[in-house]
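Visitor: The following block contains a protein sequence and its predicted model.
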Amino acid sequence: MTILTFTLILLLGAYLAGLAGSLTGLGGGVVIIPLLTLFFHVDIRYAIGAALVASIATSSGSASAYVKEGITNIRLGMFLEIATTAGAVMGAILAIYTPVNIVAILFGVTLIFSAAMTLRKKHEGALAEGSKLSYLLKLNSSYPAKDGVVDYKLKNIGGGFSIMTLAGMLSGLLGIGSGALKVLAMDSAMRVPFRVSTTTSNFMVGVTAAASAVVYLQRGYIDPGIAFPVIIGVLAGAFTGSKLLMKIDVKWLKIIFSFAITAIALNMIYNGFNHKF
Amino acid sequence: MTNNKETKRVTDYDMQQLIGQVLRYGVLISGVVAIIGGIWYLFQQGSGLPDYSTFHGEGEGYTSLTGIINGLGQGSAKEIIQLGVVILIATPIIRIVFSLVAFGLEKDKLYVLITLIVLSIILFSTFGGLSI
């Protein structure tokens, strides 16, 4: 396989990763790592570098639209980014002391968790009464919906903040956006309405990934030959996905994708235990 | 009727539009730079063989801003791609800087402080010598 064929296949793979990631809400990074390691036999460290770049590209690309529509809660995102960026830096430090096969196993476990998260029921309703801290930090807000503006209030800020630190750590260690954990923190703990929690999580992924990407770039994890087809492919895929999302019902797609992801995850875990990385 | 002072104040709405633009242009510019570098790279080395199965780490020239800028001077295609990567990574960081200014103009002291904390964590990550 020459560099040209490698690039073209990776470009197509990254396109599909971006497409699937944006349709299911899992993000582009989670598919890039198994694609590179299991299919192309690329070292997992290069794969982590590529996945971080992919996460930043999809996050920034789609966040630009959601932010303008006023769905994203910028203050909430900014406040929780303290937790995710601090976690990401810790994750990038931890990565030095973590053997690559452990990274692969952790990645597999996170993947299965993410797949399960996409299938569970989300909170739709908005809380009418928030906790003290939510007022103090000005986190309660509103978002535009079909039938007018919906006001919402938040609770359990501390719990959400703690889960976010963990999400940041996993993001820094594994190179993914860990959107599933971010949504868990906002949706289950803080009761942020579904539309707001997904878009705000997406908004935060870019900054979280950037916090560890600056370290990984300096460590030589980001290879230009892999990075360029990944950036272009994922961006194009995410763009197509955002257009398609309005037209198709993604329920079945999510179920199929979750099973596929789980199979891939088990493969990563199996290979991790057998030191195939 | 709102008075003049009121309409000139920076609002959350302005900040949303500004941040949206920063993210959009950052992604666009980095994508264009990566495509230019990528096509040139394929033109130069497309017939070579990829070697990623073992980790070597990238050389000095690809991992620091000065290295990348020096490489650009020599017309290296890979360095152009790396510049695109740097622009992409810088995009969310620049977004934070713009939020900082916007919160400042809104006179939201609490969020100026919160934004400053996030910014310092990222700057520590960049210059803190964590690359070992």
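Guide: Yep, that arrived. On a predicted model such as this, the values are computed, not experimentally measured, just so you know. Numbering: from 1, shown residues only, chains lettered A, B, ... in the order given.

Visitor: now for the lengthiest helix in chain B, which elements pack on it?
Guide: When chain B is parsed with DSSP state H, its longest helix is helix B:12-45. Packing partners of helix B:12-45 (3 or more C-beta pairs under 8 Å, 6 or more residues apart in numbering or on different chains; DSSP states H and E): helix A:3-24, helix A:44-69, helix A:74-97, helix A:224-244, helix B:77-105. Using the backbone N, CA and C atoms, a C-beta is placed for each residue, glycine as well.

Visitor: Turn the ones you listed into JSON lines, including distance to B:Thr66, mean neighbour count and mean pLDDT.
Guide: Formatted as JSON lines, those follow (distance: least, C-beta to C-beta, whole Å; neighbours: other C-beta atoms under 10 Å in any protein chain shown; pLDDT from 0 to 100):
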{"stretch": "helix A:3-24", "distance to B:Thr66": "27", "mean neighbour count": "21", "mean pLDDT": "89"}
{"stretch": "helix A:44-69", "distance to B:Thr66": "20", "mean neighbour count": "27", "mean pLDDT": "88"}
{"stretch": "helix A:74-97", "distance to B:Thr66": "22", "mean neighbour count": "23", "mean pLDDT": "94"}
{"stretch": "helix A:224-244", "distance to B:Thr66": "17", "mean neighbour count": "24", "mean pLDDT": "89"}
{"stretch": "helix B:77-105", "distance to B:Thr66": "11", "mean neighbour count": "22", "mean pLDDT": "93"}
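
Visitor: Figure out which of those helices is closest to B:Ser125.
Guide: Ranking the helices and strands packed on helix B:12-45 by proximity to B:Ser125 (C-beta to C-beta) places helix A:74-97 first, at 4.8 Å.

Visitor: Convert the C-alpha atoms of the helix or strand following the closest one to PDB, please.
Guide: Next in sequence after helix A:74-97, counting helices and strands by DSSP states H and E, comes helix A:100-119. Written as PDB, here are the backbone C-alpha positions of helix A:100-119 (Å, rounded to 0.1, in the frame of the first residue of the first chain):
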ATOM      1  CA  VAL A 100      -0.500   1.300  25.600                       C
ATOM      2  CA  ASN A 101      -2.400  -2.000  26.100                       C
ATOM      3  CA  ILE A 102      -4.100  -0.500  29.200                       C
ATOM      4  CA  VAL A 103      -5.000   2.600  27.100                       C
ATOM      5  CA  ALA A 104      -6.600   0.200  24.500                       C
ATOM      6  CA  ILE A 105      -8.600  -1.600  27.200                       C
ATOM      7  CA  LEU A 106      -9.700   1.600  28.800                       C
ATOM      8  CA  PHE A 107     -10.700   2.900  25.400                       C
ATOM      9  CA  GLY A 108     -12.800  -0.300  24.700                       C
ATOM     10  CA  VAL A 109     -14.600   0.100  28.000                       C
ATOM     11  CA  THR A 110     -15.300   3.800  27.400                       C
ATOM     12  CA  LEU A 111     -16.600   2.900  23.900                       C
ATOM     13  CA  ILE A 112     -19.100   0.400  25.300                       C
ATOM     14  CA  PHE A 113     -20.300   2.900  27.900                       C
ATOM     15  CA  SER A 114     -20.700   5.500  25.100                       C
ATOM     16  CA  ALA A 115     -22.700   3.100  23.000                       C
ATOM     17  CA  ALA A 116     -25.000   2.300  25.900                       C
ATOM     18  CA  MET A 117     -25.400   6.100  26.600                       C
ATOM     19  CA  THR A 118     -26.600   6.800  23.100                       C
ATOM     20  CA  LEU A 119     -29.500   4.400  23.500                       C
END
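
Visitor: Now do the buried residues in helix A:100-119.
Guide: The neighbour-count check on helix A:100-119 (16 or more other C-beta atoms under 10 Å in any protein chain shown) flags A:100-101, A:103-108, A:110-112, A:114-115, A:117-118 as buried.

Visitor: which of these lies closest to A:Lys68?
Guide: A:Thr118 (25.5 Å).

Visitor: quick one, what contacts the closest one?
Guide: Shown in contact with A:Thr118 (C-beta atoms under 8 Å, 6 or more residues apart in numbering or on different chains): A:Thr24, A:Gly25, A:Leu26, A:Ala180, A:Lys254, A:Phe257, A:Ser258.

Visitor: so how far is B:Gly104 from it?
Guide: 38 Å (C-beta to C-beta, to the nearest Å).

Visitor: Repeat that for B:Gly31.
Guide: Going from B:Gly31 to B:Gly104 by C-beta to C-beta gives 30 Å.

Visitor: and if you look at B:Leu113?
Guide: Counting by C-beta to C-beta, the gap from B:Leu113 to B:Gly104 is 11 Å.

Visitor: if we can go back for a sec, can you redo the helices and strands packed on helix B:12-45 as CSV, where the extra columns are distance to A:Pro34?
Guide: CSV is the format used below for these (distance: least, C-beta to C-beta, whole Å):
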stretch, distance to A:Pro34
helix A:3-24, 9
helix A:44-69, 8
helix A:74-97, 18
helix A:224-244, 13
helix B:77-105, 22
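
Visitor: for those, which one sits closest to A:Ala167?
Guide: Between A:Ala167 and these, the shortest gap by C-beta to C-beta is with helix A:74-97, which sits at 6.0 Å.

Visitor: gap between that closest one and the chain center?
Guide: How far helix A:74-97 lies from its chain's middle: 13 Å, per C-alpha atoms, centre = their mean, to the nearest Å.

Visitor: Would you mind getting the angle between it and helix B:77-105?
Guide: 140 degrees (axes from the mean of the first three to the mean of the last three C-alpha atoms, to 10 degrees).

Visitor: So which bits of the longest helix of chain B are buried?
Guide: Buried, per 16+ other C-beta under 10 Å, within helix B:12-45: B:15-16, B:18-20, B:22-24, B:26-28, B:30-31, B:33-38, B:40-42, B:45.

Visitor: need the contact list for the spatially closest residue to A:Leu235 that is not a sequence neighbour.
Guide: Sequence neighbours aside, A:Ala57 is the residue nearest to A:Leu235 in space, at 5.1 Å (criterion: C-beta to C-beta, 6 or more residues apart in numbering or on different chains). Residues near A:Ala57 by C-beta under 8 Å, 6+ apart: A:Gly28, A:Ile231, A:Val234, A:Leu235, A:Ala238, B:Val27, B:Ser30, B:Gly31, B:Leu88.
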